[in-house]
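Asks: pasting the structure only:
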C-alpha cells in the first residue's frame, strides 16, 4: 500500500473509531490487515463491545452474530465469557473453560 493510500485508510479508521462504529472499524482493520498497528485499540474496542453487551443483555444475540464475521476475535476473558455463555445456552453444555474462567 502506498503512503497516501495508507494515510487515507488510517484517517478513515480513526474516524470510525472515534465515532464509536466499532463493528465497522473491526471489519476495516481486518480487510486492511492493520491489526498489528492497532493492537491497543483492538483490545480496547473488544472490551468496550463486551461492556455494552453486559450492560444491555438484549444485544447479546447481535454480538454473537457479528462475531461470526470476524476472523479472529481476541482471546481475552471478557470475549471468551460471551462465547461460553452461548455454548451453555444453545448447546446445553457447561464447558470446563467457563468453570475455570477467573480473570474478568
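Replies: Thanks, I have it. All values reported here derive from a predicted model rather than from experimental measurement.

Asks: just the element for the residue lying closest to residue 22 once chain neighbours are set aside, please.
Replies: Leaving aside its sequence neighbours, residue 22 sits nearest to residue 45 (Cβ to Cβ, 6 or more residues apart in numbering; 4.9 Å). All C-beta atoms are positioned from the backbone trio N, CA, C, and that covers glycine. Using DSSP states H and E, residue 45 falls within helix 39-55.

Asks: give me the contacts around that helix.
Replies: 17, 22-23, 25-26, 29, 35, 59-60, 63, 73-74, 76, 78-79, 81-82 (Cβ atoms under 8 Å, 6 or more residues apart in numbering).

Asks: buried set for that helix?
Replies: Judged by neighbour count using 16 or more other Cβ atoms under 10 Å, the buried positions of helix 39-55 are 41, 42, 45, 46, 49, 50, 53.

Asks: and what of stretch 61-73?
Replies: Buried, per 16+ other Cβ under 10 Å, within stretch 61-73: 63, 64, 66, 67, 73.
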